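Asks: quick one, fold the following:
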Amino acid sequence: MERARGPMRTEEQFAQGILDVANSVMGKAIRVISVERGHDPRDYTLVAFGGAGALHACDLASALEIPRVLVPCFPGALSALGILRADVAKDLSHTIRLEVRSASQFRGKLLKEFAALVREGHAQMRAEGFAPGSVRIDRTLDMRYAGQSYDLTVPFAGITWLPSIARMNSAMAIPTEPDLAKWLTFARASRGACRNRVFRN
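Replies: Numbering: from 1, shown residues only. Predicted coordinates:
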């Protein structure tokens, strides 16, 4: 045990080493969802949730130059509270594989695909007690260029959905050839409804 402990002379130093490794891993995860997506962590507040969130928050904020840390009154219960307050959502998808040249080319087929997804979604929401009028629906398509190894999700709206993939690739600085074939891979329909939120202090 003495040899395995290495240069750490005390239990406190050993424990601090564990915290340092954990903070390093969490710091990298925060950079992935902020810096690598074009967001500056210094513009945000770090929220410490979970039973041990506050244990790491200040060190993470210091390492990432985040100016503020918010520690809720009950950080261990924050995720559970979020579930109670969250909207109900149902996400359904159908695999399709179509090479498209124009937005109108498969419009009838896509409308039929979405109609089936919407019917199924409404049935699931009714089973949870939501009236059809209280449910909002978002229709999206997953698309990729020929040879592209990942999909981009674009909203299905009128005739504007096909150019959306080019705009999204441009916004993400992804070089593409405008004449490349475009493929549809998934049709998705997301439904959401607000819960009645009644909380007492």
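
Asks: for the closest residue to residue 34 other than its chain neighbours, give me its contacts.
Replies: Distance criterion CB to CB, 6 or more residues apart in numbering; nearest residue to residue 34, sequence neighbours excluded, is residue 41 at 4.9 Å. All C-beta atoms are positioned from the backbone trio N, CA, C, and that covers glycine. Each residue near residue 41 by CB atoms under 8 Å, 6 or more residues apart in numbering is listed here: 30-31, 34-35, 64-66.

Asks: ok, 6 Å please
Replies: Applying CB atoms under 6 Å, 6 or more residues apart in numbering, we find residue 41 in contact with 34, 64, 66.

Asks: which strand or helix spans the closest residue to residue 76 other than its chain neighbours?
Replies: Excluding its sequence neighbours, the residue lying closest to residue 76 (CB to CB, 6+ apart) is residue 51, at 4.1 Å. Using DSSP states H and E, residue 51 maps to neither a helix nor a strand.

Asks: list the beta-bridge partners for residue 89.
Replies: Note on residue 89: beta-bridge partners by DSSP bridges are residue 192.

Asks: that one against residue 192, yeah?
Replies: Yes: Residue 89 is within contact range of residue 192, at 4.5 Å (criterion: CB atoms under 6 Å).

Asks: which one of these two has more residues nearby?
Replies: residue 192 (18 against 13; other CB atoms under 10 Å).

Asks: restricting to C-alpha, output stretch 128-140 in CSV.
Replies: Presented in CSV, the C-alpha positions along stretch 128-140 are these (Å, rounded to 0.1, in the frame of the first residue of the first chain):
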residue,chain,number,x,y,z
GLU,A,128,-51.7,10.8,-20.1
GLY,A,129,-54.8,13.0,-19.8
PHE,A,130,-53.9,15.8,-22.3
ALA,A,131,-56.5,17.1,-24.7
PRO,A,132,-55.4,17.4,-28.3
GLY,A,133,-55.7,21.2,-28.2
SER,A,134,-53.1,21.5,-25.4
VAL,A,135,-50.4,19.6,-27.4
ARG,A,136,-47.8,21.3,-29.6
ILE,A,137,-46.2,19.5,-32.4
ASP,A,138,-42.8,19.9,-34.0
ARG,A,139,-42.0,18.1,-37.2
THR,A,140,-38.3,17.7,-38.2
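
Asks: hmm, who's touching that stretch?
Replies: 114, 122, 125, 153, 155-156, 188-193.

Asks: from the residues you listed, pick the one nearest residue 99.
Replies: residue 156 (17.1 Å; CB to CB).

Asks: just give the closest residue to that closest one, not the sequence neighbours.
Replies: Excluding its sequence neighbours, the residue lying closest to residue 156 (CB to CB, 6+ apart) is residue 139, at 4.2 Å.

Asks: thank you, goodbye.
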